[in-house]
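Engineer: build me a model:
(one chain, ligands or ions: 1)
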Amino acid sequence: MVDLFTPVSSLPLCYNHPAMMDVLKNPVNWSTFVNRPALGMYPPGDWAQRLRSTLLAVAPAGHQQVITMGCGSCSVENGLKAMFMKFMRVRRGGAPYTQEEMDSSLRNQLPGSPNLSVLSFSNALHGRTMGCLALTHSKWQMKVDFPALDWPIADFPNLRYPLDEFKEENRKEEERCLAMVEDLILKGDQNGMAVAGIVVESIQAEGGDQFASANFFQGLRDITNKKGIGLLMDEVQTGCGVTGKFWAHEHFNLTDSPDVVTFSKKMLTGGFYNKDSFRPQESNRIFNTWVGDPSKVILLEAVVKEMTRSNLIGQVNVTGEHLLSELKNMQARYPSILHKARGLGTFCSVDFCDTETRDNTVNKLRQRGMNTGVCGTTTLRFRPALTFLPRHVDIFMGHFDAVLADVTK
Ligand code: PSZ
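Structural biologist: Residues are numbered from 1 along each chain as shown. Here you go, the predicted structure:
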């Protein structure tokens, strides 16, 4: 099969890549795979060095702190806690916890369990654990029957395409969403439920591959800095080079980097970076049994080396440009079915006229050995490995053309 989706975007170098197989062949690594440590208590002697040569070597600008986690949800969940701790540290002016705070927190009561929220966006997906689920608004199947935190949700910009034809409309749409963010933060202050931070995907993925402009994200950075609250960029799906930069938010030229950046999927390990000021003051505040898995970081080391050795981010830019231009060609050939071809790097997508035609196309493609993914209600999305080449795009487009001709018959 030609895999343009990979296991939900989580395979950096495609299947059985020799660089990764070599990690398993090397006896030096065996003990790490066999004897999983409880990293928070018993990190291996080389752990700090491993982090330096992997996760810190590719850290977003402004970040020197990283903590590993198991999965994407766990990473976001703990990133939220880093924001809450920072917010409360500032609020209590650096004073130590009171006995009342410590005691009441055990009963889920004020003042130890404060009335705080995190603002998220319509259509977002940040994971399925209970905290993340309060930030997830893409599909009811993920939500129904579960009690939810009543936290504010702002509209995510719904941009019109082609972007250069709708510049003014799109600018206004983003301003409307930013005004809504400010308004919800103000309401939180007035209602005694302060917003401690904002969580946003660099590109909304599961919600239908919705892109917003650098201006929008700079707007969020300005608002959060003005209000003294955190900005968490969720790069679980957008990180690790897929957009043509290591981190998608690097496309936004933010004047000040996000406070927390979460990752997982292609990074193989979950985790998050946080600015120094968001580092918990005490040990054991962000903690669990495993706190990640060093064997995943050894594999990531091979990935990062291979990305440098083979200039895979350069490759993603070349392949991505070809993929997007071919999608635009298909859109021109089948205007009654396809619209909104869009993308950054190989993080590309195109919308269909309706859900049924899209799903029918995806099934027909799969029968021809072409594995693609869906998101939102009518979007077909591409999430190939970093090793995907223009000639793979061409193989796919031959089948895509044939299937589209078939579904329009
Ligand atoms: O059905 C699901 O639960 C899915 S389908 C795709 C995802 C989840 N993506 C995971 C994801 C993500 O895309 C973003 C932007 N943030 C957080 C997550 C959660 O990661 P996991 O699934 O590892 O917990």
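
Engineer: return the distance of the longest helix along the chain from the chain's centre.
Structural biologist: Across the chain, the longest stretch assigned as helix under DSSP state H is helix 167-190. Helix 167-190 sits 22 Å away from the centroid of its parent chain (Cα atoms, centre = their mean, to the nearest Å).

Engineer: likewise stretch 103-114?
Structural biologist: Offset of stretch 103-114 from its chain centre (Cα atoms, centre = their mean): 31 Å.

Engineer: got it, and stretch 362-378?
Structural biologist: 22 Å.

Engineer: what does the model give residue 130 for pLDDT?
Structural biologist: Residue 130 is assigned 97 on the pLDDT scale.

Engineer: hmm, it is touching residue 151, no?
Structural biologist: No. Using Cβ atoms under 8 Å, residue 130 makes no contact with residue 151, being 12.0 Å away. C-betas here are computed from N, CA, C, even on glycine.

Engineer: looking at these two, which one has more neighbours?
Structural biologist: Applying other Cβ atoms under 10 Å to residue 130 and residue 151 shows that residue 151 carries more neighbours, namely 18 against 13.

Engineer: what about that one, distance to the ligand?
Structural biologist: 16 Å (Cβ to the nearest ligand atom, to the nearest Å).

Engineer: swap in residue 2?
Structural biologist: Per Cβ to the nearest ligand atom, residue 2 is found 21 Å from the ligand.

Engineer: what is the neighbour count of that residue?
Structural biologist: Neighbourhood size, residue 2 [other Cβ under 10 Å]: 16.

Engineer: hey, what's it bridged with?
Structural biologist: Beta bridges link residue 2 to residue 370 when assigned by DSSP bridges.

Engineer: list, one by one, the residues from this protein near the ligand.
Structural biologist: 8, 71-73, 76, 125-128, 201, 205-206, 234, 236-237, 264 (Cβ under 6 Å from any ligand atom).

Engineer: generate a PyMOL selection restricted to the buried subset of those residues.
Structural biologist: The following PyMOL command selects only the buried members of the residues of the chain next to the ligand, with burial defined by 16 or more other Cβ atoms under 10 Å:
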select buried, resi 71+72+73+76+125+126+127+201+205+206+234+236+237+264
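
Engineer: what about the residues of the chain next to the ligand, which are in helices?
Structural biologist: Members of these lying in helices (criterion: DSSP H): 72-73, 76.

Engineer: can those residues go into TSV with extra columns for pLDDT?
Structural biologist: Output for those, formatted as TSV (pLDDT from 0 to 100):
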residue	pLDDT
72	98
73	98
76	98
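
Engineer: now do the contacts for the residue of the chain found nearest the ligand.
Structural biologist: The minimum distance from the chain to the ligand, using Cβ to the nearest ligand atom, falls at residue 72 (2.1 Å). Contacts for residue 72 (Cβ atoms under 8 Å, 6 or more residues apart in numbering) come out as 126-127, 234, 236-237, 262-265, 270.

Engineer: so where do the strands sit in the protein?
Structural biologist: 2-3, 65-69, 116-121, 153-154, 194-201, 230-234, 260-263, 270-274, 338-344, 347-352, 370-371, 373-375, 379-382 (DSSP state E).

Engineer: out of those, nearest to residue 176?
Structural biologist: For residue 176, the closest of the strands of the chain is strand 153-154, at 9.8 Å, according to Cβ to Cβ.

Engineer: pairing partners for the closest one, with directions?
Structural biologist: Here strand 153-154 is paired, per DSSP bridges, with strand 116-121 (parallel).

Engineer: okay, the angle between the strand it pairs with and strand 230-234?
Structural biologist: Taking axes from the mean of the first three to the mean of the last three Cα atoms, to 10 degrees, one finds strand 116-121 and strand 230-234 inclined to each other by 40 degrees.

Engineer: who touches strand 116-121?
Structural biologist: The contact list for strand 116-121 (Cβ under 8 Å, 6+ apart) reads 80, 83-84, 87-88, 126, 134-137, 149-156, 177, 181, 184-185, 188, 193-200, 204, 232.

Engineer: which among the residues you listed end up buried?
Structural biologist: Here, 16+ other Cβ under 10 Å leaves 80, 83-84, 87, 126, 134-137, 151-154, 156, 177, 181, 184-185, 188, 193-200, 204, 232 buried among the contacts of strand 116-121.

Engineer: now stretch 291-309: how far from the chain's centre is it?
Structural biologist: 18 Å.

Engineer: since we're on residue 322, how many residues are nearby?
Structural biologist: What residue 322 shows, counting by other Cβ under 10 Å, is a neighbour count of 19.
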